[in-house]
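Visitor: One predicted model, sequence on top.
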Amino acid sequence: MVLLKFAKEWIGTIAIAFVLSMIIGIFVIQPYKVDGHSMDPTLRDGQRLFVSKLSHTFSYYPNYGDIVIIDSRVDRNRSFMDDVKDNPIFQLFHNTTDRVFYVKRVIGKPGDVLELRDHEVYRNGEKLDEPYIQEAMELSTEESWTVPDGHIFVMGDNRNHSEDSRAIGFIPLDHVIGKKVM
């Protein structure tokens, strides 16, 4: 009888811990691992970081220069179940290798006109000061974009080796999973 009571207490404690970790991971903060070199030299391949998910939870825009995690599948809508499946606790029990998350820097917000010219990025006619860039951006042609409502424009710091908004397009606000905090 004592053993049964002890087991029930432990099962209850583990269940509460599981639910709390899911809630925290879905709505507040989540760990991520950098995969690739698109953010060199700022972030290294394999580096671990924590991401605040409050901007995703409350649907507000990140600031210029913020490093964000995005869901690169911009051609589909995200749902609450995507947030549940993205949680590391859920991933312990399910194979979610179809997820494609990128770590990028916010360059443009709605209404911004972004231009690539002379190997530099211009926002609304002003050249961006980007001390985190180590080499000149290779350009085959000069390009220009106007960021639509409800979207952002992101780029990797390693501009010559980054699949970002130049390739995948504008990022819907609900595809911004969170902002790097550590």
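Guide: Sure thing, it's come through.
Visitor: Check which residues of the longest helix anywhere in the chain are buried.
Guide: Assignment by DSSP state H gives helix 2-27 as the longest helix of the chain. For helix 2-27, the neighbour count (16 or more other C-beta atoms under 10 Å) marks 25-26 as buried. C-beta: built from backbone N, CA, C; applies to glycine.
Visitor: Could you number the chain from 127 rather than 1 from now on?
Guide: OK, 127 is where the count begins now, so the last one is helix 128-153.
Visitor: Report the strands that pair with the following helix or strand past that helix, each with its relative direction.
Guide: Next in sequence after helix 128-153, counting helices and strands by DSSP states H and E, comes strand 155-159. Using DSSP bridges, strand 155-159 pairs in its sheet with strand 174-178 (antiparallel).
Visitor: right, and the helix or strand after the partner strand?
Guide: helix 180-183.
Visitor: how about the CA coordinates for that next one, as PDB?
Guide: Taking C-alpha atoms only, helix 180-183 is exported to PDB below (Å, rounded to 0.1, in the frame of the first residue of the first chain):
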ATOM      1  CA  LEU A 180       7.500  35.600 -26.300                       C
ATOM      2  CA  SER A 181       7.500  37.400 -29.600                       C
ATOM      3  CA  HIS A 182       5.900  34.400 -31.200                       C
ATOM      4  CA  THR A 183       3.500  33.800 -28.400                       C
END
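Visitor: Give the buried residues for it.
Guide: So helix 180-183, judged by 16+ other C-beta under 10 Å, has buried residues 181-182.
Visitor: which secondary structure elements does it contact?
Guide: Judged by 3 or more C-beta pairs under 8 Å, 6 or more residues apart in numbering; DSSP states H and E, helix 180-183 is in contact with strand 302-306.
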